[in-house]
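Participant: Predicted structure and sequence below. I'll ask about it afterward.
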Amino acid sequence: MSALNVTWGITARSLMLIPRFPSTFFPSLIMPLFFLVAFAGAFSAFVDLPGFPADSMLDWVLPMSTLQGCAFAGITTGMAVARDLENGFFDRFIMSPAPRGALLAGPLLASVLRAMFPLVLLPVVGIAAGVNFHEGVFTVIPLAIAGLGIALVAGMWAVGLALRARSQQAAPLMQMALFLSFFLSTAQMPLHLLTGWVHAIARFNPMTNILELARQGFLGDITWATTWPGLVSLAGMAAVLGIFAARGLRKIVP
């Protein structure tokens, strides 16, 4: 069997399950919209702080909210894998002659494709709300790279955890790691305005570099100096969590 055909078949099944199990999809749309409205309103006075890099809190929050939506796309894909493991459907994949790598590549590709929904929705909402696109249409390119990368990384984490837990009860742990990675970075405040232990963690949190990659077109010019640390952080996280997911697959697939 062709690995590409099997990968796409598993991916297509994951996408077709969206209308059947909307509870595993809509969080990737509803939650980022909630964060966009809540943070932009509650923290609107942050832009008056000396040295705050955004003209509007919407400029600062929209990229972060979009990345969270993309990350939720990966998490919900992992939840779908956990459901298949729990009800025994994944056993059919294991008993089939399908290439083993495709069993992992299919859900991960689905994570990336599901991330297209928040990547389209949030910028459209941003245009309607008056968000600044300093580089015009090119502003969304770093955002898209960061968003699709985060979806892939989150999918690796969630699928790897699902393969180990084999139950949807692992969902809270999938989500908790996601929230910690975002809110212990520069999600709400630039690094130079953070203090104490939060500053120390955010400084080495790879999510800080990824957020800078996504935000640069909304805050000013797109530069290579701001781009490459985010790309390196995404590559590093993908390498580590890719091994995590692959080892999880080896635990259940002979």
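Facilitator: Done, it's in.

Participant: My guess is Asp59 contacts Gly217. True?
Facilitator: No - here Asp59 lies out of contact with Gly217, judged by CB atoms under 8 Å, at a distance of 9.8 Å. Bear in mind the C-beta positions are built from the backbone N, C-alpha and C, glycine included.

Participant: Now the helix or strand where Met174 lies: average pLDDT?
Facilitator: Taking DSSP states H and E as the definition, one finds Met174 inside helix 171-183. Averaging pLDDT along helix 171-183 yields 91.

Participant: What residues of that helix count as buried?
Facilitator: Neighbour-count burial for helix 171-183, with 16 or more other CB atoms under 10 Å as criterion, is recorded at 171, 174-175, 177-178, 181-183.

Participant: Who are the packing partners of that helix?
Facilitator: Secondary-structure packing of helix 171-183 (3 or more CB pairs under 8 Å, 6 or more residues apart in numbering; DSSP states H and E): helix 57-87, helix 140-165.

Participant: now the angle from the last one to helix 171-183?
Facilitator: Using axes from the mean of the first three to the mean of the last three CA atoms, to 10 degrees, the inter-axis angle of helix 140-165 relative to helix 171-183 is 150 degrees.

Participant: what's the angle between helix 140-165 and helix 57-87?
Facilitator: Using the same axes, to 10 degrees: helix 140-165 against helix 57-87 is 30 degrees.

Participant: how far is helix 140-165 from where the chain is centred?
Facilitator: Relative to the centre of its chain, helix 140-165 is centred 5 Å away, using CA atoms, centre = their mean, to the nearest Å.

Participant: Give me the mean pLDDT for it.
Facilitator: Here the average pLDDT along helix 140-165 is 95.

Participant: Repeat that for the first one.
Facilitator: Per-residue pLDDT over helix 57-87 has a mean of 92.
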